[in-house]
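Enquirer: Here is a sequence together with a model predicted from it:
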Amino acid sequence: MIKYLSLLILCSVSLFGQEIKPILPLPSAKQLTWQSLEYYGFVHFNMNTFTDAEWGEGKENPNTFNPTDLDCEQWARIAKKAGMKGLILTAKHHDGFALYPSKYTKHSVANSLWKNGKGDVVRDLSNACKKYGLKLGIYLSPWDRYHPDYGTDAYNQVYANMQKELLTQYGPIFEFWYDGANGEGPNGKKQVYDWPLFHAMVEKYQPQAVQFSDSGPDIRWVGNERGYAYDKTWSPINRDEIYPGYPKFDAYKNGQENGSHWVAPEVDVSIRPGWYYHKDQDNKVKTPDSLMKIYVASVGRNSNLLLNIPVDRRGLIHENDSASMMGFAAIRKIGLQNLLPKSTQIMSSTAVNGHFSQLINHPIKGAYWAAKETDATPYLLLSLKQPLLMNALVLQEPIAMGQRIKKFHVEITNTLGEIERINLQTIGNKRIIPFKQRKVSSIKITFDESRGQVLISNLELLNLISTRNEPLYQ
Ligand code: FUL
């Protein structure tokens with residue numbers, strides 16, 4: 001009922017209001033759904049866990065894989081409590097060892113002594129995710145240092161067959177992850193991948209799943225593994241100019257203002273220095289405060305955050321990692337609360353009929369403020385009746401209408417009348433702008449350059465704190 005009512009209001013808004021033209025390229029429905037997930041987990045757990053390596057060679061004895069207490073429910077329970085929306089598992093890494101019994105490789109759990117060859121980690125995780133209401137994603141390394149067919153045409157079909165197994169036997173998959181690393185196989189040959197075939201497998205068996213790689217097709221790598229996107233982060237990119245493992249990817253990492261396709265970035269980063277578990281990194285787990293800064297620099301810079309948890313040799317998330325994830329969840333809960341009083345009037349320089357600034361933060365889904373096309377430097381002005389102690393501002397564009405803002409600046413006035421100006425570039429799905437904590441009496445946001453009319457759907461005020469209850473940014 002509420003849905004229909006909102007639709008009715010929106011329709012009448014566009015009946016009486018001026019129609020707003022979308023700016024291409026636009027995200028698809030599944031890209032929009034993915035973007036709303038914001039934060040989910042990666043699990044690197046495989047042969048490397050037991051050999052203390054990051055990249056295996058493919059010559060490892062399958063019996064080396066031998067978790068003593070594997071419990072995927074523990075992973076899912078912790079991930080859920082930590083606020084993650086899903087988990088992506090390394091079903092096969094570069095060494096080729098498969099965590100499920102595949103018909104297309106001998107190098108798998110089926111040929112190990114673990115559970116007498118009857119184990120299946122993908123199945124266990126799929127069941128655990130269902131139980132805890134998490135989405136399941138699959139990482140399947142195209143590079144395979146074990147497979148005898150690697151480096152020949154036959155391997156492309158092997159990979160596609162493995163995709164089919166994973167896409168048809170374990171329930172819904174929300175994301176399929178292609179790693180860009182591509183080296184030589186056991187015969188010294190490199191593979192020429194059949195990307196159209198691989199993409200078609202996901203399209204056929206799980207059309208709602210987004211596909212990740214350096215070049216999409218649906219979502220892309222952010223260009224570093226340190227946990228941050230950039231002040232300039234465009235979702236559009238000239239997708240067809242690049243491919244997974246593209247050597248000059250650096251030139252593409254910010255996306256492109258006039259890019260041909262919508263391929264939003266995902267920030268992948270590990271909670272430890274390595275992707276895999278190494279005992280000597282037990283005391284190098286990132287702190288909740290540094291995870292919070294990563295969140296601000298990823299989700300807060302037009303990306304989604306994929307945080308990797310290296311599961312240990314027991315087959316469990318280590319206590320230190322779990323404690324840090326919980327600490328991160330606790331400071332997110334407090335710090336991400338919107339402090340903007342509901343009664344605050346947000347003034348705008350101009351507004352299109354039916355898209356007034358009152359629609360910012362409006363409960364109607366899809367509502368937004370639209371500046372007039374003739375307004376060269378639109379602005380929003382927010383005067384607080386009661387000054388607020390805060391250190392961050394959140395802005396969102398209604399990305400279903402395309403990404404627009406190229407350059408903007410924020411002027412923050414404190415209770416002494418002192419003004420700080422911050423110059424910024426893109427917004428996109430969500431921008432979190434941190435600054436030194438102060439008592440703020442007004443904020444003005446001026447949009448200096450945009451690809452078409454300026455549209456803003458959300459504005460929030462935050463006070464981001466550390467685990468010691470101090471301001472996160474000093
Ligand atoms: C990289 C791989 O080489 C690492 O081992 C890891 O899986 C990371 C997520 O992607 O390309």
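Expert: Yes, it's here. Numbers count the residues shown, from 1 in each chain.
Enquirer: Please name the residues that touch Asn463.
Expert: For Asn463, the contacting residues are Gly335, Leu339, Leu388, Leu389, Met390, Asn391, Ala392, Gln437, Pro471, by CB atoms under 8 Å, 6 or more residues apart in numbering. C-beta coordinates here come from the backbone N, C-alpha and C atoms, glycine included.
Enquirer: Ok, Val394 next?
Expert: Gly300, Asn338, Lys430, Arg431, Ile432, Ile433, Asn458, Leu459, Glu460, Leu461, Leu462 are the contacts of Val394 under CB under 8 Å, 6+ apart.
Enquirer: and what of His94?
Expert: Contacts of His94 by CB under 8 Å, 6+ apart are Trp55, Gly56, Gly58, Ser141, Trp143, Asp144, Arg145, Asp179, Ala181, Gly183.
Enquirer: Likewise for Asn304?
Expert: Trp34, Gln35, Leu37, Glu38, Tyr39, Tyr40, Ile219, Ala264, Pro265, Glu266, Val267, Ser298.
Enquirer: Least confident secondary structure element in this structure?
Expert: Across the helices and strands of the chain, mean confidence by mean pLDDT, DSSP states H and E is lowest for helix 2-16: a mean of 45.
Enquirer: I'd guessed Leu113 sits against Asn61; true?
Expert: No - at 9.9 Å, Leu113 does not count as touching Asn61 under the criterion of CB atoms under 8 Å.
Enquirer: The host helix or strand of Ile88 near the ligand anywhere?
Expert: In this assignment (DSSP states H and E), Ile88 forms part of strand 86-92. No - figure legend: strand 86-92 not in contact with the ligand (CB under 6 Å from any ligand atom); closest approach 6.6 Å.
Enquirer: show me the contacts for the spatially closest residue to Ile346 that is not a sequence neighbour.
Expert: Of all residues not flanking Ile346 in the chain, Ser357 sits nearest, at 4.6 Å (CB to CB, 6 or more residues apart in numbering). Going by CB under 8 Å, 6+ apart, Ser357 touches Ile346, Met347, Ser348, Ala351, Trp369, Leu380.
Enquirer: how close does Ser357 get to Thr287?
Expert: Remark: distance between Ser357 and Thr287 (CB to CB, to the nearest Å) = 39 Å.
Enquirer: Pull the contacting residues for Leu384.
Expert: Pro341, Thr344, Val440, Ser441, Ser442.
Enquirer: Please give me every residue in contact with the last one.
Expert: By CB under 8 Å, 6+ apart, the residues touching Ser442 are Leu381, Leu382, Ser383, Leu384, Ile412, Thr413.
Enquirer: okay, now Ala367: neighbour count?
Expert: 21 (other CB atoms under 10 Å).
Enquirer: Return the distance of Asp124 relative to Lys232.
Expert: 42 Å.
Enquirer: Which one's more surrounded, the two?
Expert: Legend: neighbour count by other CB under 10 Å for Asp124 and Lys232, higher for Asp124 (20 against 17).
Enquirer: who in this structure is up against the ligand?
Expert: Glu54, Asp179, Gly180, Ala181, Asp268, Trp275.
Enquirer: Most neighbours of all these, which one?
Expert: Asp268 (24 neighbours).
Enquirer: What residues does that one make contact with?
Expert: Phe42, Trp221, Val222, Glu225, Leu306, Asn308.
Enquirer: And for Val311?
Expert: Contacts of Val311 (CB under 8 Å, 6+ apart): Val43, His44, Phe45, Thr49, Trp75, Tyr277, Ile317.
Enquirer: Tell me how the protein divides into domains.
Expert: 2-24+339-462, 37-335 (automatic domain parsing).
Enquirer: Ends of the longest one, what's the gap?
Expert: The one in question is domain 37-335. 18 Å (CA to CA, to the nearest Å).
Enquirer: got it, and stretch 414-421?
Expert: 12 Å.
Enquirer: go on, stretch 415-430?
Expert: Length of stretch 415-430, first residue to last, CA to CA: 27 Å.
Enquirer: Tell me which residues of it come out buried.
Expert: For stretch 415-430, the neighbour count (16 or more other CB atoms under 10 Å) marks Leu424, Gln425, Thr426, Ile427, Gly428, Asn429, Lys430 as buried.
Enquirer: quick one: which of these is nearest the ligand?
Expert: The nearest member of these to the ligand, counting by CB to the nearest ligand atom, is Asn429 at 22.3 Å.
Enquirer: Is it correct that that closest one falls within a strand?
Expert: No - going by DSSP: H, G, I helix; E, B strand; the rest coil, the assignment for Asn429 is coil, not a strand.
Enquirer: so Phe45 makes contact with Leu89?
Expert: Yes - in terms of CB under 8 Å, Phe45 counts as a neighbour of Leu89; the distance is 7.2 Å.
Enquirer: Look at the closest residue to the ligand within the chain and give its secondary structure.
Expert: Among the residues of the chain, Ala181 lies nearest to the ligand; the distance is 3.9 Å by CB to the nearest ligand atom. Here Ala181 is recorded as coil under three-state DSSP.
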